[in-house]
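K.L.:
Dropping the sequence and predicted coords here.
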Amino acid sequence: MSLFIGLMSGTSADGMDAALVRFETGKAPELIHACGLAYEQAFSQQLRQLAITTEASVEELALLDRKIAKLSVKAIRQLLAEANVDASAVSAIGSHGHTLRHKALRSRRLADGFSWQVGDPSWIAEHTGICCIADFRRRDIAAGGQGAPLVPAFHQACLGASDAPRMVLNIGGIANLTVLGEHLSGFDCGPGNALMDEWCCLQWQESQDSNGERAAKGKVIPELLTRWQSEGEIFSYLQQPPPKSTGRELFNLQALGDQLDGYDAHDVLASLSQYTADTIADAVKRFGHSAGEILVCGGGVHNPDLMQRIQTALPNHQIRSTASAGIHPDWLEAMAFAWLAHQTLNHLPGNAPQVTGADGLRILGGIYPA
Ligand SMILES: Nc1ncnc2c1ncn2[C@@H]1O[C@H](COP(=O)(O)OP(=O)(O)O)[C@@H](O)[C@H]1O
Ligand SMILES: [Mg+2]
């Protein structure tokens, strides 16, 4: 039996998730405890802005690297205190860090893809006394892959044993879909909560549309959907077959076109919710199973307006939370990074090359001993 911690700071920039996971040979990984450290709104905004700006200074980024590391340490201390577990009982931390930039590989010849996460693992190891494993994406990229998504291999390990066709949909800032089964695939579908969050922040200085209440008050504006669906670079991303990955760099309101003045704010939000649901449904129809179960995790599962729109767009699928398969939807991604650390420490690969497009299986991450 061994204990690992997984840490995740997702594209929503809403906070740091920490999960304490028990691994036992022959058994599925078991969540012992989890907690979320919410970021202050100004810090969330700084992170979201950094995802699209080209004007950050080196010093700002270096300080951010430290700040994410400090918040990681805080989240780990809270997690261990709440679980009443001593740091010495934990084998390693798998830390995703926070993505500053993810640029998907376009040309293997030019090797033009990169992915950059911050949250100094040396600092985390030093201040927790626990071995920290980090920088999971770059080895896959070095081997010709997208470096993302990395969670499908974990989804397959945890949720792959089903006779019926099954998919896992993670609705974070960006949405990603894993198609489980003999031919495992997984890719970023497009926006998750990112566009809706951005609009809520602009209109009402709120970080999210809590429980989808504002979107439910609005009416979808068909001309906006038509306009967004034909947006050049976004259109070609949505059409492109996997392997593929994306980020806020592509899916933000500015990229969709800025002419939203003059529309009712709730109607725009309803339209963004519909657009998000449509891009997810389209990805399922194009690249997923034609029927079966879709297990949903990530913050989007708490937005009934969005969930209803996805279900309406996919009448042949049963859409339900991963909780129905025994895994809490809020902590699945953090659990995945505990699993990745467990793989690395046991000299086992963490990537699924058929998902990322890498040349083969690779042991991921750098190990920073306690
Ligand atoms: N009760 C809720 N109602 C509506 N949206 C929610 C709710 N809870 C969380 N969310 C959405 O989920 C997002 C966080 O999801 P998360 O899975 O943490 O994404 P990421 O991995 O990108 O950080 C929030 O920014 C918000 O948009
Ligand atoms: Mg999050």
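P.N.:
Sure, I can see it. Numbering: from 1, shown residues only. Ligands and ions are numbered 1, 2, ... in the order given.
K.L.:
all helices for the stretch 1-150 of the chain, in order.
P.N.:
41-50, 58-83, 121-128, 137-142 (DSSP state H, counting those that start in this stretch).
K.L.:
Show the contacting residues for the closest residue to ligand 1 within the stretch 151-300 of the chain.
P.N.:
Nearest residue of the stretch 151-300 of the chain to ligand 1, counting by C-beta to the nearest ligand atom: residue 299, 1.8 Å away. Heads up, the C-betas are built off the backbone N, CA and C, glycines and all. Counting by C-beta atoms under 8 Å, 6 or more residues apart in numbering, residue 299 touches 12, 14, 171, 172, 192, 193, 208, 330.
K.L.:
So which of these are in strands?
P.N.:
residue 171 (DSSP state E).
K.L.:
would you turn the contacts of residue 299 into JSON lines with pLDDT?
P.N.:
As requested, the contacts of residue 299 are exported to JSON lines (pLDDT from 0 to 100):
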{"residue": "12", "pLDDT": "93"}
{"residue": "14", "pLDDT": "95"}
{"residue": "171", "pLDDT": "98"}
{"residue": "172", "pLDDT": "96"}
{"residue": "192", "pLDDT": "97"}
{"residue": "193", "pLDDT": "97"}
{"residue": "208", "pLDDT": "95"}
{"residue": "330", "pLDDT": "98"}
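K.L.:
The contacts of residue 299: which ones sit near ligand 1?
P.N.:
By C-beta under 6 Å from any ligand atom, the members of the contacts of residue 299 lying near ligand 1 are 12, 14, 172, 193, 208.
K.L.:
Looks like the fourth one contacts residue 305 (just checking).
P.N.:
No - distance between residue 193 and residue 305: 11.6 Å, which falls outside the contact criterion (C-beta atoms under 8 Å).
K.L.:
More neighbours: which of these two?
P.N.:
A direct count of neighbours by other C-beta atoms under 10 Å for residue 193 and residue 305 places residue 193 higher, at 29 against 21.
K.L.:
which residues of this protein score low on pLDDT?
P.N.:
258 (pLDDT under 70).
K.L.:
Just the element for the residue of it most remote from its centre, please.
P.N.:
Largest separation from the mean C-alpha position in the chain: residue 262, at 32.8 Å (C-alpha atoms, centre = their mean). Here residue 262 sits in a region with no helix or strand, counting by DSSP states H and E.
K.L.:
circling back: can you check the ones next to ligand 1 among the contacts of residue 299 and name whichever has the most neighbours?
P.N.:
residue 193 (29 neighbours).
K.L.:
what does the stretch 101-250 of the chain put close to ligand 1?
P.N.:
Applying C-beta under 6 Å from any ligand atom, we find that the stretch 101-250 of the chain lies next to ligand 1 at 172, 173, 193, 197, 208, 209, 210, 211, 212.
K.L.:
redo that, cut-off 8 Å
P.N.:
Residues of the stretch 101-250 of the chain lying close to ligand 1 (C-beta under 8 Å from any ligand atom) are 170-174, 192-194, 196-197, 207-212.
K.L.:
and what of the stretch 251-370 of the chain?
P.N.:
297, 298, 299, 300, 302, 303, 306, 330, 333.
K.L.:
swap the cut-off to 5 Å and go again
P.N.:
Within the stretch 251-370 of the chain, the residues that sit near ligand 1 (C-beta under 5 Å from any ligand atom) are 298, 299, 302, 303.
K.L.:
got TSV for those residues, with secondary structure too?
P.N.:
Formatted as TSV, these follow (DSSP: H, G, I helix; E, B strand; the rest coil):
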residue	secondary structure
298	coil
299	helix
302	helix
303	coil
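K.L.:
From these, keep the buried residues only.
P.N.:
Buried residues within those, defined by neighbour count using 16 or more other C-beta atoms under 10 Å: 298, 299, 302, 303.
K.L.:
Please name the nearest non-neighbouring residue to whatever residue of the chain ends up closest to ligand 2.
P.N.:
Nearest residue of the chain to ligand 2 (C-beta to the ion) works out as residue 10 at 3.7 Å. Using C-beta to C-beta, 6 or more residues apart in numbering and skipping the chain neighbours, the partner closest in space to residue 10 is residue 172 (4.5 Å).
K.L.:
what's the answer for residue 316, then?
P.N.:
residue 291 (4.4 Å).
K.L.:
do residue 309 as well
P.N.:
residue 277 (3.5 Å).
K.L.:
what does residue 333 give?
P.N.:
Per C-beta to C-beta, 6+ apart, closest to residue 333 is residue 8, 4.7 Å.
K.L.:
residues contacting the one you found?
P.N.:
Contacts of residue 8 (C-beta under 8 Å, 6+ apart): 16, 17, 96, 333, 334, 336, 337.
K.L.:
Relative to residue 97, how far out is it?
P.N.:
Look at residue 8 and residue 97: by C-beta to C-beta, to the nearest Å, they are 9 Å apart.
K.L.:
And for residue 87?
P.N.:
For residue 87, the distance to residue 97 - C-beta to C-beta - is 20 Å.
K.L.:
Next: residue 272.
P.N.:
Distance, residue 272 to residue 97, by C-beta to C-beta: 28 Å.
K.L.:
Over to residue 241?
P.N.:
29 Å.
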